[in-house]
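Novice: Show me how the following folds:
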Amino acid sequence: MLLYREGTGGILPVSCMVLPLQSGDLTLGVIVLDNFKESGVFTDDDKALITSLAQQTGLTLENARLYQAAENRARQ
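Specialist: Residues are numbered from 1 along each chain as shown. Below is the predicted model:
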């Protein structure tokens with residue numbers, strides 16, 4: 001939280017949406033959307049869009065991991 005405050009100049013958001021980046025049951029990270037001006041700005045449509053983006057990102061990261069693993073096996 002201290003690094004977050006440093007990165008935002010000490011300002012904390014009034015609205016925040018946090019969604020996991022997942023690959024299967026494994027959580028790889030999170031997507032965080034902040035709004036520093038208004039509360040309650042994120043809608044159900046926003047959540048649906050970001051959920052779709054998070055799912056696609058999780059799949060992309062998993063595909064990259066699998067590709068790297070295949071390349072490593074091919075080099076052995």
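
Novice: for the protein, which spans come out with low pLDDT?
Specialist: For the chain, no stretch has pLDDT under 70.

Novice: could you pull out the helices for it?
Specialist: Shown for the chain, the helices assigned by DSSP state H span residues 2-7, 44-75.

Novice: if I read this right, K37 contacts V14, doesn't it?
Specialist: Yes - the pair K37 / V14 is scored as a contact, 7.0 Å apart, by C-beta atoms under 8 Å. (Glycine included, C-beta is placed from N, CA and C.)

Novice: So which of these two has more stuff around it?
Specialist: Set K37 next to V14 and count neighbours by other C-beta atoms under 10 Å: V14 wins out with 13 against 8.

Novice: Not counting sequence-adjacent ones, nearest residue to the more buried one?
Specialist: S39 (4.6 Å; C-beta to C-beta, 6 or more residues apart in numbering).

Novice: tally of neighbours for that neighbour?
Specialist: Neighbour count for S39, taken as other C-beta under 10 Å: 10.

Novice: That one reaches C16, doesn't it?
Specialist: No - S39 lies out of contact with C16 (C-beta under 8 Å); the separation is 9.8 Å.

Novice: residues contacting L53?
Specialist: Going by C-beta atoms under 8 Å, 6 or more residues apart in numbering, L53 touches I31.

Novice: Now the terminal residues of stretch 8-24, how far apart.
Specialist: In stretch 8-24, first residue to last residue: 32 Å (C-alpha to C-alpha, to the nearest Å).

Novice: For it, give me every contacting residue.
Specialist: When contacts are defined by C-beta under 8 Å, 6+ apart, stretch 8-24 is touched by residues 5, 27-42, 46-47, 50-51, 54-55, 57-59, 61-62, 65.

Novice: So how do I select the buried members of those in ChimeraX?
Specialist: Of the contacts of stretch 8-24, the buried ones go into a single ChimeraX selection, burial set by 16 or more other C-beta atoms under 10 Å:
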select :42,50,54,57,58,61
